[in-house]
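Participant: predicted model, plus sequence, below.
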Amino acid sequence: MRAAVIPAAGLGTRFLPATKAVPKELLPVVDQPALQYVVEEAAAAGLHEVVLVTSVDKGSVAAHFEPNLKLEAALGKPGNEHLLETVRALSDLAHISTVDQDSPRGLGHAVLCAQSAVGDEPFAVLLGDDLIDAEDLLLQHMLQVRQERGGSVIALMRVPREDVSKYGCASVSATDQADVVIVNGLVEKPSVDQAPSDLVVVGRYVLDPAVFEVLKSTAPGRGGEIQLTDALQTLAARGFDGHGGGVSGVIFEGRRYDTGDRLEYLKAVVQLAIKHDELGPAFSQWLHDFVQAQAPNS
Ligand code: UTP
């Protein structure tokens with residue numbers, strides 16, 4: 001498998017007004033845009049063909065990974081070697097192509113837009129605003145599960161029951177691997193009392209190319225959007241038929257940062273800043289002192 005599709009054509013309404021002119025995928029998380037972490041994750045998992053799904057008014061998304069000769073010339077003075085290297089490395093991260101989504105008609109539609117770029121091969125989908133900690137090798141594990149079981153693979157996390165309505169929710173049955181389940185059904189944003197479990201879908205998928213044909217006949221669902229969850233429900237219902245049907249789930253217990261949500265974004269910045277090689281020690285010390293100073297009895 002070589003291709004990673006990264007949908008980044010959404011409106012980012014939850015983060016307005018920050019996302020009016022700046023795509024949410026380019027909001028900085030410490031010192032690099034969220035999307036750069038996602039492209040780095042794909043490359044680290046051996047997926048070097050990255051397909052960005054963007055829209056005409058989000059040209060800056062692809063520009064982040066293209067060579068910028070003017071900037072490189074300006075950095076060509078002694079003392080800037082490290083910055084120059086950092087900027088140049090961006091265009092070597094992966095082979096990046098873009099496809100256009102004419103209007104944000106849902107995640108399923110965004111994936112369908114990548115069909116000609118992907119071809120008839122299995123591929124990964126990584127949401128451009130959803131970060132998985134680089135130390136937690138979720139995507140690698142999902143690729144391995146696809147190799148062993150075929151079909152498609154989704155990432156699942158346990159959430160408090162009252163939060164299930166924000167996500168796609170899975171009904172599952174166990175396998176002989178503690179963190180791998182068979183997905184029997186999926187429902188997008190169920191009410192708490194109708195949710196089949198506390199396992200929700202998060203932004204990593206390994207998909208069989210059979211998903212494209214299913215997406216073509218998937219009617220707009222919740223919110224009038226073509227939902228990837230609905231197409232996966234169809235594939236799950238087919239079972240492992242040797243023709244692309246069947247869905248497994250990997251239960252992820254590592255660190256995930258949803259940078260498309262304002263509160264989660266703030267948490268992501270703090271957690272990743274603490275881990276940052278250069279900034280971490282000074283930031284941690286400051287944060288410690290700051291929190292102490294806020295405490296009521298300090
Ligand atoms: P989200 O649902 O989080 O993105 O989709 P959104 O629609 O931009 O968010 P809000 O609710 O308005 O704030 C997850 C990912 O899928 C992309 C988004 O850009 C995001 O990275 N996406 C979503 C598309 O590329 N196209 C779409 O039609 C929808």
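Facilitator: Right, received. Where do you want to start?
Participant: distance from stretch 172-192 to the middle of the chain?
Facilitator: Counting by C-alpha atoms, centre = their mean, to the nearest Å, stretch 172-192 is centred 19 Å from the centre of its parent chain.
Participant: so it, near the ligand or not?
Facilitator: No - judged by C-beta under 6 Å from any ligand atom, stretch 172-192 stays clear of the ligand, getting no closer than 10.8 Å. (Glycine included, C-beta is placed from N, CA and C.)
Participant: what about that stretch, how long is it end to end?
Facilitator: Stretch 172-192 has its terminal residues 17 Å apart, counting by C-alpha to C-alpha, to the nearest Å.
Participant: and if you look at stretch 206-222?
Facilitator: The first residue of stretch 206-222 is 23 Å away from its last residue (C-alpha to C-alpha).
Participant: swap in stretch 7-24?
Facilitator: Length of stretch 7-24, first residue to last, C-alpha to C-alpha: 12 Å.
Participant: contact partners of it?
Facilitator: With contact meaning C-beta atoms under 8 Å, 6 or more residues apart in numbering, stretch 7-24 is reached by 25, 27, 34-35, 52-55, 58, 60-61, 100-101, 104, 107, 110-111, 113, 125, 127-129, 259-262, 265.
Participant: what average pLDDT does stretch 99-110 get?
Facilitator: Averaging pLDDT along stretch 99-110 gives 96.
Participant: quick one: which of the contacts of stretch 7-24 sit in helices?
Facilitator: Under the assignment DSSP state H, the contacts of stretch 7-24 contribute 34-35, 60-61, 107, 110-111, 113, 262, 265 to helices.
Participant: give me the PyMOL select line for the contacts of stretch 7-24, limited to the buried ones.
Facilitator: The PyMOL command for the buried members of those (criterion: 16 or more other C-beta atoms under 10 Å) is given here:
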select buried, resi 25+27+34+35+52+53+54+55+58+61+101+104+107+110+111+113+125+127+128+129+259+260+261+265
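Participant: of the contacts of stretch 7-24, which ones also sit close to the ligand?
Facilitator: Counting by C-beta under 6 Å from any ligand atom, 25, 53, 101, 104, 107, 110, 127-129, 260 from the contacts of stretch 7-24 sit close to the ligand.
Participant: could you identify the most distant pair in those?
Facilitator: Pairwise distances across these (C-beta to C-beta) peak at 16.4 Å, for the pair 101 and 260.
Participant: mind listing the strands for the stretch 1-150 of the chain?
Facilitator: Along the stretch 1-150 of the chain, counting by DSSP state E, counting those that start in this stretch, strands occupy 3-7, 28-29, 32-33, 49-54, 95-100, 123-126, 130-132.
Participant: nearest to residue 156 among these would be which one?
Facilitator: Across those, the minimum distance to residue 156, taken as C-beta to C-beta, is reached by strand 130-132, at 13.0 Å.
Participant: count of neighbours near residue 93?
Facilitator: A count of neighbours around residue 93, defined by other C-beta atoms under 10 Å, yields 16.
Participant: which residues of the stretch 101-250 of the chain lie near the ligand?
Facilitator: Counting by C-beta under 6 Å from any ligand atom, the stretch 101-250 of the chain sits next to the ligand at 101, 104-107, 109-110, 127-129.
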